[in-house]
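>>> Here's my sequence, what's the structure:
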Amino acid sequence: MVTTFPGLDARFISQNVFDPYKFDPMDVAQVQKNNLLLDYDSAKRNSKSLRRLEGLIHQATFCVRPMLEDFFAEIQQWDTDHLWRETESAKHNCLRMVALMLTGYCDMNCPVCFTDRKKNPWEMGFKETKKLLNQARKMGATLVYTTGEGEPLYDNRFSQIAEYVKKHGMSWIIFTNGLKIDEEFAKKYADYPIYLYIKYWSADPQTFFELTRPRVAFSEFKDQKLEPIELEGRTIFAPRAISTLLRFWPSDRVGIEALVSNQNFDSVFQNIIPYVLKNRLKIFIEPIIHSGGCACDHSIDLTKEQQDYSQPFYSRDENLCSLRHAYMAIVDNKGNLLEAQAIGQSVMEQAGVPLQALRLVQSNGMVADLLERRYYDKTYGDLRRLLRYYPHCACNDFASNTTLQEQVRQTLPA
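Residues are numbered from 1 along each chain as shown. Here you go, the predicted structure:
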């Protein structure tokens, strides 16, 4: 029998995310239509691609399928001039966020992470990053979103990206383990449009340590990176980074990220969520994604009862994943354009996707046209449409779903 925690409002908690992440539903619907229009403009050049696109629309997630089917039927009735005008307009209103992965280095070694947590021999510099962000803004992006292939705060572009975001009126949401945050950092970025989710996976130091495996001794982690907090008559431990930030930042720019497993289930609902509510923080609760290093490791998966209880609290679900594929472009730290954050270059190559189809930024600094590659490149365009209209979480399914892998292979040129 699973332990339940009365009094927690799942709907409020699941939607208690940072404001820049809350896009207007009507706006999202328009961006969905604009993406479909660009997909149609690309696919209509080849009858096989057009038939494939129509089939993908009919399998899209139920929350947008009727709208997409109706709009697909509508645009096929447009005359050439009207189609051209609407398509040109859509090119400037087809993105809302760019998921920008920073350095691969991380000072934690979480077993469930889908990355290898190593700095790559070549990672993008700010010059290439700026070119990408300029293109994304022209396509309508207002939010930079960094979950990171490693710990973002170690990236040597961090301060330059922060200045860029501030200068151009964008927002930047970052997921960080918080180990590098100190008073100097908090003061420096107090007036920047930066929003931080701090990793907080357990209120018990030993469990937190085991789940994340920081590259320091347990005693140092507990004494220097955590602090005891009194909560409802008991003592718990929370990341010291949170209280440091709250001395200089408003609470609506500070949040915690909690991944729920069978090792921390009780702690998340009994301690972490009440701590968040007490301090009026934001929260991002997510499930384990079986991709990369933990693709086949189910040792800390929730029981079915725990999963059923946790599901309504998650800050993302399959519907959101499907929606985000339309308005989010993903670029890893090597300059590859991806369609799912946890399906990286190596996984794509194993599925037979040629590296050149993914490579947006060359090692010589040349940056390809983001719009052209995303919608009009034959190989990447077909791949993007397959994953964009996929009705479930592609990140979670890709490792085990041989049908999806085979569909990817079938989209590739012979």
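
>>> which secondary structure elements does the helix ranked longest in the chain contact?
Longest helix in the chain by number of residues (criterion: DSSP state H): helix 25-43. For helix 25-43, the elements it packs on are helix 47-58, helix 65-75, helix 80-90, helix 318-327, helix 378-388, judged by 3 or more CB pairs under 8 Å, 6 or more residues apart in numbering; DSSP states H and E. (Glycine included, C-beta is placed from N, CA and C.)

>>> could you turn that helix into PDB, dropping everything but the C-alphas?
What follows is helix 25-43 as a C-alpha-only set of coordinates in PDB (Å, rounded to 0.1, in the frame of the first residue of the first chain):
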ATOM      1  CA  PRO A  25      -2.500  28.500 -24.800                       C
ATOM      2  CA  MET A  26      -3.800  30.600 -27.800                       C
ATOM      3  CA  ASP A  27      -0.200  31.500 -28.700                       C
ATOM      4  CA  VAL A  28       0.900  27.900 -28.500                       C
ATOM      5  CA  ALA A  29      -1.900  26.900 -30.700                       C
ATOM      6  CA  GLN A  30      -0.800  29.500 -33.300                       C
ATOM      7  CA  VAL A  31       2.800  28.300 -33.100                       C
ATOM      8  CA  GLN A  32       1.500  24.700 -33.600                       C
ATOM      9  CA  LYS A  33      -0.300  25.800 -36.700                       C
ATOM     10  CA  ASN A  34       2.700  27.700 -38.000                       C
ATOM     11  CA  ASN A  35       4.900  24.600 -37.500                       C
ATOM     12  CA  LEU A  36       2.500  22.500 -39.400                       C
ATOM     13  CA  LEU A  37       2.400  25.100 -42.200                       C
ATOM     14  CA  LEU A  38       6.200  25.000 -42.500                       C
ATOM     15  CA  ASP A  39       6.100  21.200 -42.400                       C
ATOM     16  CA  TYR A  40       3.500  21.200 -45.200                       C
ATOM     17  CA  ASP A  41       5.600  23.700 -47.200                       C
ATOM     18  CA  SER A  42       8.600  21.400 -47.000                       C
ATOM     19  CA  ALA A  43       6.800  18.000 -47.400                       C
END
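
>>> List the contacts of it.
Here helix 25-43 makes contact (CB atoms under 8 Å, 6 or more residues apart in numbering) with 49-50, 52-53, 57, 64, 67-68, 71-72, 75-76, 83, 86-87, 89-91, 93-96, 140, 323, 326-327, 375-376, 381, 385, 388.

>>> Strands along the stretch 101-250 of the chain, start to end?
143-146, 171-176, 194-199, 226-231, 234-239 (DSSP state E, counting those that start in this stretch).

>>> Sketch out the low-pLDDT regions of this structure for me.
Across the chain, the ranges flagged by pLDDT under 70 are 1-2, 116-119, 291-296, 317-322, 342, 399-401, 414.

>>> quick one, domains of it?
Per the record, the chain has its domains at 25-90, 202-315, by automatic domain parsing.

>>> now these as TSV including distance to Ile194 and mean neighbour count?
Shown next, in TSV, are those (distance: least, CB to CB, whole Å; neighbours: other CB atoms under 10 Å):
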stretch	distance to Ile194	mean neighbour count
domain 25-90	23	16
domain 202-315	7	18
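
>>> Which of those sits closest to Asp369?
domain 25-90 (13.2 Å; CB to CB).

>>> Next, the distance between the ends of that closest one.
One end of domain 25-90 to the other measures 17 Å (CA to CA, to the nearest Å).

>>> Quick check: buried residues in stretch 3-23?
Across stretch 3-23, burial judged by 16 or more other CB atoms under 10 Å covers Ile13, Ser14, Asn16, Val17, Phe18, Pro20, Tyr21, Phe23.

>>> In JSON lines: the helices and strands packed on helix 25-43, plus distance to Phe209.
Below are the helices and strands packed on helix 25-43 laid out as JSON lines (distance: least, CB to CB, whole Å):
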{"stretch": "helix 47-58", "distance to Phe209": "44"}
{"stretch": "helix 65-75", "distance to Phe209": "45"}
{"stretch": "helix 80-90", "distance to Phe209": "49"}
{"stretch": "helix 318-327", "distance to Phe209": "30"}
{"stretch": "helix 378-388", "distance to Phe209": "36"}
